[in-house]
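Visitor: Structure of the sequence below:
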Amino acid sequence: MNIAQYLDSTYLKTPAQSGISNEETLQKDKELAQEAIDNDIFAIMIRPDYVAEIKKYIREKNSNVAVGTVIGFPEGTYSVDEKLAEASKAIEDGADELDFVINYNAYLQGNLELVKEEFVKGTQLGLQHQKIVKWIIEIAALTDAQIADLTRTISDWAEESFAESDLPHIFVKSSTGFYETTDGRPNGATFEGIQIMLDNAGKLPVKAAGGVRTPDDAEKMIKMGVKRIGTSSALALIQDKNSSEGY
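Guide: From the prediction side, this is the model:
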C-alpha cells in the first residue's frame, strides 16, 4: 500500500509553542516540504503565516506537493468573518487546501445557525477557488452520539448546498491534535471515532488526524475508508517505523 499518497505531513506549532523563532519555524516548514518532495508525500499542513514562502519553495523545486493550512485553529471560535478573512489570505498566498476548525462549541450550545453559516460560506469560498476544504469537528470534545450527529449534519448541509461533483472536495476531519483531554484519553483520531464518522459522512470523504502512529494503524485507517491522514510523523510511517511524535 502506498501510504505516502494519503498523508498530510503536519507541523502546526507556533514559534511560541515550540520556543523557536519565526525564521526557525520557516526552516522547519521548508524541511517538511523537502521531505514531502523527496518521499512523494501528498501534502504538507502548516500555519497560515508560512504558506506564501513554502508555496514559493515548492514551486521552485518543480514539485506538485500540495500546501494545506489551518483556519480558525485550534479552538474554532473565530467569527465567521474572521475565518473567511483568514481563508481568503491563505488562498491569496497559494494554499491548495483549507482545514477549517468548525465552531464545535457553538454546535454543543445548539447554535446550528452559526455553524451552518460558517460551513456554507467557508466551503463556498474554497470551492470557488478550486481548493480542497476540510472541516475539523474535534471528536475528543464530543460524545459518540455528537460525533455521529455533527458528521451527518455536515454531510446533509453539503448535499443541500453544493453540487454532487463538489462533494469529493469537502472533507470531514477528526481532530486538531491540540485539544486537551483529561484522564489520558486520546485527543486525536481513534478507530472507534473514525468508524462513526465514516458511517455518517455520506458522500463526503473523511480525514483522520492525530494519533495515527504506526504503519499498521495507517493501513487500517485507509482500509476502513479514510481518504487522508494528518500526521507529524509522515516519514516514520512510510519508512515502516513507529512514531514517537504526539500527533
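Visitor: Shouldn't Val67 be within a strand?
Guide: Yes: assessed with DSSP: H, G, I helix; E, B strand; the rest coil, Val67 lies in a strand.
Visitor: Please name the residues that touch it.
Guide: Ala33, Ala43, Ile44, Ile46, Val51, Ile54, Lys55, Ile58, Gly94, Ala95, Asp96, Glu97 (Cβ atoms under 8 Å, 6 or more residues apart in numbering). C-beta coordinates here come from the backbone N, C-alpha and C atoms, glycine included.
Visitor: From Thr182, how far off is Ser232?
Guide: 22 Å (Cβ to Cβ, to the nearest Å).
Visitor: who's more crowded, these two?
Guide: Of the pair Ser232 and Thr182, Ser232 is the one with more neighbours under other Cβ atoms under 10 Å, namely 22 against 5.
Visitor: which residues touch Ser161?
Guide: Val120, Thr123, Gln124.
Visitor: Just give the nearest non-adjacent residue to the first one, would you?
Guide: The one in question is Val120. Ser161 (5.2 Å; Cβ to Cβ, 6 or more residues apart in numbering).
Visitor: pLDDT value on the one you found, please?
Guide: pLDDT, the model's per-residue confidence, is 98 for Ser161.
Visitor: which residue ranges form the helices in this protein?
Guide: Using DSSP state H, the helices of the chain run over 15-18, 22-38, 51-60, 80-93, 104-108, 112-128, 144-161, 191-200, 215-224, 234-238.
Visitor: Quickly list what the residue nearest in space to the middle of the chain is bridged to.
Guide: Per Cα atoms, centre = their mean, the C-alpha nearest to the average position across the chain is that of Asp99, at 4.6 Å. Note on Asp99: beta-bridge partners Val70, Lys134, judged by DSSP bridges.
Visitor: count of residues packed around Ser63?
Guide: Using other Cβ under 10 Å: Ser63 sits among 15 other residues.
Visitor: how close does the residue nearest to it when sequence neighbours are not counted sit to Gly210?
Guide: With Cβ to Cβ, 6+ apart as the criterion, Ser63 has its nearest non-adjacent residue at 4.5 Å, and that residue is Ile37. Ile37 sits 24 Å away from Gly210, going by Cβ to Cβ.
Visitor: Next one, pLDDT for the residue nearest to Ser63 please.
Guide: 98.
Visitor: got a list of what it touches?
Guide: Applying Cβ under 8 Å, 6+ apart to Ile37 gives the contacts Ile58, Lys61, Ser63, Val65.
Visitor: cool, Glu23 as well?
Guide: Contacts of Glu23 (Cβ under 8 Å, 6+ apart): none.
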